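Engineer: got a predicted structure here, sequence first:
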Amino acid sequence: MKIGILQTGHAPDELKPTSGNYDAMFRKLLAGHGFSFDTYPVLDGVFPEGAEAADGWLITGSKHGAYEDHDWIPPLEDLIRQIHARKMPLVGICFGHQIIAQALGGKVEKFSGGWSVGHTQYRLHGAPVELNAWHQDQVVTRPAEARVIGESDFCANAFLAYGDHIWTSQPHPEFENTFVDGLLRTRGKGVVPDAQLNAAEASLDRPTDSTQIAQEIADFFKKVRT
């Protein structure tokens with residue numbers, strides 16, 4: 001099964017030698033499940049010919065806001081709607097989670113409650129999971145057809161599903177603790193409040209449930225759909 005990765009951001013240059021770019025993190029996260037991958041750095045204007053270029057799609061995170069004025073965002077939203085209309089499997093993570101909601105009629109904005117950074121506890125399908133987060137933006141109004149499958153006290157729309165063909169997550173299952181440590185140093189200081197940075201740093205020795213989420217994403221892609 002070929003997964004097309006729609007890359008909407010780049011990892012900090014200082015971290016790429018050890019962690020790789022965003023597409024590489026997903027290739028690592030989903031390794032061993034029998035997928036092949038093609039990457040389309042859409043933020044650099046590189047798009048697939050259409051929705052049929054892959055069997056399933058994944059949209060990465062980004063430092064950009066879904067509501068920002070960038071030339072690549074309208075065609076990405078058009079592609080999302082094409083994928084949705086064909087009921088092809090689509091996964092969105094962080095920015096991907098947000099841009100899918102926006103493209104399908106939801107609203108994304110900077111959350112008045114501030115940032116979520118580092119290890120964060122969620123309830124997914126009613127069970128606790130812990131994943132790394134890095135966001136201030138949130139889906140504040142979900143599309144009419146979206147249903148909540150996971151949340152936290154801080155993020156009411158943390159995991160969304162649309163029918164049986166779209167699965168999205170606000171937190172980052174692909175972010176390992178070492179990468180978050182790098183983000184704290186390269187993108188956190190002066191942006192995220194110091195108290196949150198310190199708390200995130202103190203929790204970096206705790207494991208996450210990324211392997212569990214990787215299995216859920218793999219099962220989602222492989223699901224037989226009529």
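Structural biologist: Good, I have the coordinates.

Engineer: my guess is Gly61 contacts Pro173. True?
Structural biologist: No: shown here, Gly61 and Pro173 do not form a contact pair, counting by Cβ atoms under 8 Å, at 10.7 Å. C-beta: built from backbone N, CA, C; applies to glycine.

Engineer: quick check: neighbours shared by the two?
Structural biologist: Listed as contacting both Gly61 and Pro173 by Cβ atoms under 8 Å, 6 or more residues apart in numbering are Ile93.

Engineer: what's in contact with the helix or strand Thr39 falls within?
Structural biologist: For Thr39, the element it lies in under DSSP states H and E is strand 36-41. In this structure, residues lying in contact with strand 36-41 by Cβ under 8 Å, 6+ apart are 1-7, 23, 26-27, 46-48, 53-54.

Engineer: swap in 6 Å and give it another go.
Structural biologist: The contact list for strand 36-41 (Cβ atoms under 6 Å, 6 or more residues apart in numbering) reads Lys2, Ile3, Gly4, Ile5, Leu6, Gln7, Asp23, Arg27, Val46, Phe47, Pro48.

Engineer: which among those residues count as buried?
Structural biologist: Buried members of the contacts of strand 36-41, scored by 16 or more other Cβ atoms under 10 Å, are Ile3, Gly4, Ile5, Leu6, Gln7, Asp23, Arg27, Phe47.

Engineer: hang on, the third one packs against Gly56?
Structural biologist: Right, Ile5. No: using Cβ atoms under 6 Å, Ile5 makes no contact with Gly56, being 10.2 Å away.

Engineer: for the helix or strand of the chain with the lowest mean pLDDT, name the packing helices and strands.
Structural biologist: Every helix and strand of the chain was ranked by mean pLDDT, DSSP states H and E. The lowest is helix 194-202, at a mean of 92. Counting contacts by 3 or more Cβ pairs under 6 Å, 6 or more residues apart in numbering; DSSP states H and E, helix 194-202 packs against strand 116-124.

Engineer: show me the contacts of strand 36-41 that map onto helices.
Structural biologist: Mapping those onto helices (DSSP state H) picks out Asp23, Arg27.

Engineer: of the contacts of strand 36-41, closest to Ile149?
Structural biologist: For those, the residue nearest Ile149 by Cβ to Cβ is Ile3; the value is 20.7 Å.

Engineer: wait, the closest one sits on Asp55?
Structural biologist: No: using Cβ under 6 Å, Ile3 makes no contact with Asp55, being 7.1 Å away.

Engineer: need the contact list for the residue most central in space within the chain.
Structural biologist: Computing the C-alpha centroid of the chain and ranking residues by Cα atoms, centre = their mean puts Ile93 first, at 1.1 Å. By Cβ under 6 Å, 6+ apart, Ile93 lies in contact with Gly61, Ser169.

Engineer: show me what it is bridged to.
Structural biologist: Ser169 (DSSP bridges).

Engineer: related to what we said a few turns ago, biggest separation within the buried ones among the contacts of strand 36-41, which pair?
Structural biologist: Pairwise over those, using Cβ to Cβ, the maximum falls at Arg27 and Phe47, 19.5 Å.

Engineer: quick one on the thing from earlier: quick one, which of Gly61 and Pro173 is more surrounded?
Structural biologist: Gly61 (27 against 23; other Cβ atoms under 10 Å).

Engineer: circling back to that earlier point, for the strand holding Thr39, which strands pair with it and how are they oriented?
Structural biologist: strand 2-7 (parallel).
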